[in-house]
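Student: Provided below are the primary sequence and the corresponding predicted coordinates.
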Amino acid sequence: MRSRAAAYPLLAVLGWGVMFPVLASALTRIDPLNLTTARYLLAAVILVAILLLREGSAALRPGGRAVEIVVLGVVGFAGFNLLTNLALEHAAPQQISLFVATTPVITQLVRWARDGVRPKPLLLALSLVALLGVGLVITRGSLAGLGQFGLGGLMMIGAVLGWGIYTHGASRFGGWSPLRFTTLTALAGTAAMLAASIGADAVGWQHAPAAADLVAVAPQLAYAVIVAAVIAVLAWNTGVQRLGAANAALFMNLVPVTTFAVQIARGYRPEPVELVGAAITIAALVAANLATRARTRPSSLPQSTAVTDQIAVVDPVAVSAR
């Protein structure tokens with residue numbers, strides 16, 4: 001039975017792993033801010049439709065918590081997705097996917113900073129090992145490659161930090177359904193993305209896409225919205241319910257493996273040091289997740305959904321339809 005349940009998070013992470021090369025290919029036609037905005041405008045329509053069908057129009061009201069919703073939506077949805085798409089202009093998809101896989105560990109550090117819940121030294125040590133592996137992939141083992149880390153790496157650090165803050169903040173909304181919380185924060189984040197795109201277009205930083213450009217990337221958008229933001233999300237949520245958040249979170253380490261496989265299939269030939277770096281990162285993250293799970297009592301884990309569990313951190317899309 002558990003083997004069948006494992007198929008759900010497996011499907012989800014495979015979908016997310018493919019997503020990074022898909023988005024990178026779309027960036028050849030559309031600027032990152034406009035691409036992110038277009039993606040989440042479509043996703044927001046789907047989210048609102050699902051929420052209305054399941055909970056009614058009253059669920060769209062912030063209930064006196066509008067400020068929190070806006071802050072978390074801007075930091076989480078807008079911050080993560082905008083920075084990720086911008087980073088894809090400076091780093092390869094397989095490099096970006098390794099940063100995303102560190103999100104569970106980053107969330108533990110956010111918890112330490114905000115709540116004073118200090119992670120074990122082993123977790124901190126494994127976090128540093130994981131970042132070392134990321135560094136090997138990006139620099140290809142050469143100090144001369146440090147320049148490649150630069151802006152793209154800093155953007156991804158900011159992206160995963162923002163998502164860690166978002167996930168931590170979600171724990172304060174235990175009285176809301178996950179679907180309501182994520183829909184309202186997604187709407188706030190989408191509004192911020194739209195404002196950023198309009199501003200960037202106005203000052204000439206980027207250019208509004210032509211109809212031909214949107215048509216050209218329609219397959220990528222369809223995948224990013226339907227597969228990554230709907231099908232994968234539903235599969236992930238089912239897996240979390242059946243396996244538990246701690247067990248499901250382990251599957252996130254397959255995201256960079258999937259992205260590497262896609263890139264290799266497209267003709268990319270990684271150097272041995274890149275494969276070593278990826279293996280170090282994945283091994284460290286698996287060990288960190290196991291260590292976190294080992295020190296968490298089953299009775300202390302929330303039984304509702306992954307979004308209220310501090311270690312159940314996934315790609316931002318992964319909570320957008322809960």
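Tutor: The structure has been received and is ready for your questions. Numbering: from 1, shown residues only.

Student: Surely Ala91 is in contact with Leu154?
Tutor: No. Between Ala91 and Leu154 there is no contact under Cβ atoms under 8 Å: 10.4 Å. Just so you know, the C-beta spots here come from the backbone N, C-alpha and C atoms, and that holds for glycine as well.

Student: Looking at those two, which has the bigger crowd around it?
Tutor: When Ala91 and Leu154 are compared on other Cβ atoms under 10 Å, the one with more neighbours turns out to be Ala91, at 22 against 13.

Student: Can you pull the phi and psi angles for the more buried one?
Tutor: Reported as degrees, to the nearest 10, the phi and psi values for Ala91 are phi -140, psi 160.

Student: One more: Ser177?
Tutor: phi -70, psi 150.

Student: Per-residue pLDDT of it, please?
Tutor: In this prediction, Ser177 carries a pLDDT score of 83.

Student: Can you tell me how far it is from Leu184?
Tutor: The span separating Ser177 from Leu184 equals 11 Å under the rule Cβ to Cβ, to the nearest Å.

Student: Look at those two and report which has more neighbours.
Tutor: Neighbours per residue (other Cβ under 10 Å) separate Ser177 from Leu184, with Leu184 holding more: 27 against 17.

Student: What is the helix or strand hosting that one packed up against?
Tutor: Following DSSP states H and E, one finds Leu184 within helix 178-203. With contacts defined as 3 or more Cβ pairs under 8 Å, 6 or more residues apart in numbering; DSSP states H and E, the packing partners of helix 178-203 are helix 32-55, helix 66-72, helix 79-87, helix 146-170.

Student: Take those helices and write them to JSON lines, including distance to Gly15.
Tutor: Output for the helices and strands packed on helix 178-203, formatted as JSON lines (distance: least, Cβ to Cβ, whole Å):
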{"stretch": "helix 32-55", "distance to Gly15": "14"}
{"stretch": "helix 66-72", "distance to Gly15": "24"}
{"stretch": "helix 79-87", "distance to Gly15": "16"}
{"stretch": "helix 146-170", "distance to Gly15": "18"}
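
Student: Determine the number of other residues adjacent to Ala192.
Tutor: Ala192, neighbours per other Cβ under 10 Å, totals 20.

Student: meant to ask about Ile157, not that
Tutor: Here the neighbour count serves as a burial measure; for Ile157 (other Cβ under 10 Å) it reads 18.

Student: before we move on, the earlier item: out of the helices and strands packed on helix 178-203, which one sits most buried?
Tutor: Highest mean neighbour count of the helices and strands packed on helix 178-203: helix 79-87, a mean of 25 (counted as mean count of other Cβ atoms under 10 Å).

Student: Name the residues of the helix or strand that the helix holding Leu184 is followed by that come out as buried.
Tutor: Per DSSP H and E, the first helix or strand lying C-terminal to helix 178-203 is helix 211-216. Residues of helix 211-216 classed as buried under the neighbour-count rule (16 or more other Cβ atoms under 10 Å) are Asp213.

Student: CA atoms of helix 211-216 as PDB?
Tutor: Taking C-alpha atoms only, helix 211-216 is exported to PDB below (Å, rounded to 0.1, in the frame of the first residue of the first chain):
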ATOM      1  CA  ALA A 211       1.100  37.600 -29.400                       C
ATOM      2  CA  ALA A 212       3.500  35.500 -31.500                       C
ATOM      3  CA  ASP A 213       5.800  35.100 -28.500                       C
ATOM      4  CA  LEU A 214       2.900  33.900 -26.300                       C
ATOM      5  CA  VAL A 215       1.900  31.400 -29.000                       C
ATOM      6  CA  ALA A 216       5.400  30.200 -29.400                       C
END
